[in-house]
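Peer 1: Mind folding the following:
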Amino acid sequence: KEENIMQQSWKIAFAYIGVIVGAGLSSGQDLLQYFISFGQIGLIGVLLLGLLNAAFGKIMLSLGSYYRADNHEEVFTQISHPIITKILDFVLISGSFIMGFVMIAGAGSNLEQQFGFPFWLGGLICSLLIITVSFMNFDKITNVLGIFTPIMIVMIFIITGYSFIGKSHDWTTLEALAHTIKPATSNVWFSVINYYSLCAMTAVSMAFILGGSVVRIGIAEKGGTRGGLLVGLVVFIAAISIFANLDTVKDADLPILAIANQIHPWLAYIYAITVFSLIFNTAFSLFYSIARRFANGSTKRMRIIIISVVIIGYICSFFGFKDLISLLYPILGYMGLLLLIILIYGWLRDRKDIIMEKLFRRKMIHLSLKKHSPHKNLSEKERELFHTLGDISQADTKSLKEDIHNEAKEILSNTETVQELKDYVEEHLSIDEEVIHQNINILQEQQEKSKSTESSKDRPIKKSNINNNEVK
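Peer 2: Purely as a prediction, here's the structure:
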């Protein structure tokens, strides 16, 4: 049903937002240093930041789904040179660890500013939560990552309404006040690129994993785009709210929380808890992606690694939240430029392949729906086609087939009549049979040529010569 498709894509979208909106964005400290310090032109930079979030959200989640990624190395091995892959691997692991302990520091500052807790206690609570949630299965983790995102969005809208409804602002004075803040970079355009590079470093590993958990590439694409657009909207209205209240919040560690305190103490308490949750989301995603990278599929090993890196991260967090952002974030942002270049290259190179893979998986779902329907049976030729499509996919054949069957069963359970099922398939799973068979032949020829040089098990065959047909 349409509602089920919407639920899946929004679930991924909210999880993606929960990953990317961490201590800096949800508190406003990043916005203060990177954009508002340049005055009103900084707000234009925030709009551009939102567009980049939407574009790269789609790219990252679709690549993750296409390769059914379990960690970032699995994707970068396919889309970049081995040396660049090693550089990116090092940059992402080190960057994730650094940003992870900055998030823990943010958790300490958040509870200290709002509740008067000792700085060390907030970080400790966050660290213990990260370790606890890592023992859950991935579906539950995805739900946890997205649960506080709608609350945060509502809270930001309330704060924006308070900042502007029935009020006037002296924009000239605020502009002058903004320029008293030390900026993170030399100009606003550098800030856009530098800060989004930082956001991408924060999000990419978990975004690949989120995308890899979705068998239907279209759902992953929608989730990434919707999540990115929502991030852009939330960040922009948060930025204009901070700008409007600059005279009272410019020196606060968490400017948006300071605005919430002006509205009502209870609102501030709720927002502080929400910010803490978003900080946890990002910190968890960063440490979890590191653990998945080195676990080699072992759950036990992954948990041992995450406990170890979280303990080390907690110790490092004592350098202080505000100072860590101003010192480390610009450096990490410049390191992330290589990441953006590789993502764009990989997306442009694989775009035709992704479109065709989307079509192949739709056909596999068609065949699986027929297999599991009580009124139909698959012919031997159709069974062979299902296995052929699985074999030529970039994804692991066994897990792809299992997930396709699970997807088909879920669709059947959500459609009550034959006509409803037909309508659903026509709207969401449209295919071109002629294009499928043409490209199957091309890919099988490629595989035959490749057998003499390398095993298809060791390195998936790239689908570089498929027909340039668009898929709905």
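Peer 1: which one is Gln33 nearest to, not counting chain neighbours?
Peer 2: Ala184 (4.4 Å; C-beta to C-beta, 6 or more residues apart in numbering). Placement of C-beta: from N, CA and C, glycine included.
Peer 1: Sorry, slip of the keys, the one I care about is Leu63.
Peer 2: Per C-beta to C-beta, 6+ apart, closest to Leu63 is Val75, 5.5 Å.
Peer 1: Next: Ser80.
Peer 2: Among residues not flanking Ser80 along the chain, Ile342 sits closest, at 5.0 Å (C-beta to C-beta, 6+ apart).
Peer 1: So for the one you found, what's the pLDDT?
Peer 2: pLDDT recorded at Ile342 is 92.
Peer 1: coming back round to it: measure the residue nearest to Leu63 to Asp353 for me?
Peer 2: 13 Å (C-beta to C-beta, to the nearest Å).
Peer 1: Between the two, which has more neighbouring residues?
Peer 2: For the pair Val75 and Asp353, the greater number of neighbours falls to Val75 (30 against 18), based on other C-beta atoms under 10 Å.
Peer 1: so where's the stretch 51-200 of the chain shaky on pLDDT?
Peer 2: Scanning the stretch 51-200 of the chain for pLDDT under 70 picks out 138, 144-146.
Peer 1: in it, which spans are strands?
Peer 2: For the stretch 51-200 of the chain, no strands are identified by DSSP state E, counting those that start in this stretch.
Peer 1: Would you map the helices across the stretch 251-400 of the chain?
Peer 2: Ranges of helices in the stretch 251-400 of the chain, per DSSP state H, counting those that start in this stretch, are 255-263, 265-295, 299-316, 321-335, 337-372, 380-392, 397-414.
Peer 1: Distance to Ala15 added to those helices, as a markdown table?
Peer 2: Below are those laid out as a markdown table (distance: least, C-beta to C-beta, whole Å):
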| stretch | distance to Ala15 |
| --- | --- |
| helix 255-263 | 22 |
| helix 265-295 | 8 |
| helix 299-316 | 18 |
| helix 321-335 | 23 |
| helix 337-372 | 19 |
| helix 380-392 | 27 |
| helix 397-414 | 18 |
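Peer 1: ok, of these, where does mean pLDDT dip lowest?
Peer 2: helix 321-335 (a mean of 69).
Peer 1: Leaving out sequence neighbours, find the closest residue to Phe287.
Peer 2: Gly100 (5.0 Å).
Peer 1: Verify the contact between the one you found and Ile306 for me.
Peer 2: No - checked against C-beta atoms under 8 Å, the pair Gly100 and Ile306 is beyond contact range at 10.3 Å.
Peer 1: any shared contact partners between the two?
Peer 2: Counting by C-beta atoms under 8 Å, 6 or more residues apart in numbering, the contacts common to Gly100 and Ile306 are Phe287, Ile290.
Peer 1: Which one's more surrounded, the two?
Peer 2: Taking other C-beta under 10 Å, Gly100 and Ile306 do not tie; Gly100 has more neighbours (30 against 24).
Peer 1: count of neighbours near the closest residue to Phe148 other than its chain neighbours?
Peer 2: Closest residue to Phe148 apart from its sequence neighbours, by C-beta to C-beta, 6+ apart: Ser277 at 4.0 Å. Residues near Ser277, counting by other C-beta under 10 Å, number 22.
Peer 1: measure Ser277 to Met155 for me?
Peer 2: From Ser277 to Met155 the distance is 11 Å (C-beta to C-beta).
Peer 1: Likewise for Leu257?
Peer 2: From Leu257 over to Met155 (counting by C-beta to C-beta), the distance is 10 Å.
Peer 1: Need the residues touching each of the two.
Peer 2: In contact with both Leu257 and Met155: Tyr271, using C-beta under 8 Å, 6+ apart.
Peer 1: ok, those two, which is more surrounded?
Peer 2: Legend: neighbour count by other C-beta under 10 Å for Leu257 and Met155, higher for Leu257 (26 against 22).
Peer 1: give the contact list for the more buried one.
Peer 2: Going by C-beta under 8 Å, 6+ apart, the list of residues near Leu257 reads Ser27, Gly28, Asn110, Gln113, Gln114, Ala268, Tyr271, Ala272, Val275.
Peer 1: Could you list the buried residues of stretch 304-316?
Peer 2: Buried residues in stretch 304-316, defined by neighbour count with 16 or more other C-beta atoms under 10 Å: Ile305, Ile306, Val309, Val310, Gly313, Tyr314, Cys316.
Peer 1: Now the last one: closest residue in space that isn't a chain neighbour?
Peer 2: It stands for Cys316. Counting by C-beta to C-beta, 6+ apart, the residue nearest Cys316 is Phe101, at 4.1 Å.
Peer 1: same question, the second one
Peer 2: Spatial nearest neighbour of Ile306, chain neighbours left out: Ala291 (4.0 Å); criterion: C-beta to C-beta, 6+ apart.
Peer 1: these two touch, right, the one you found and Lys300?
Peer 2: No - judged on C-beta under 8 Å, Ala291 makes no contact with Lys300 at a distance of 11.1 Å.
Peer 1: okay, those two: which has more neighbours?
Peer 2: Regarding Ala291 and Lys300, a neighbour count based on other C-beta under 10 Å identifies Ala291 as having more, with 21 against 8.
Peer 1: quick one: the more buried one from Asn71, how far?
Peer 2: 9 Å.
Peer 1: do the same with Gly161
Peer 2: For Gly161 relative to Asn71 (C-beta to C-beta), the value is 41 Å.
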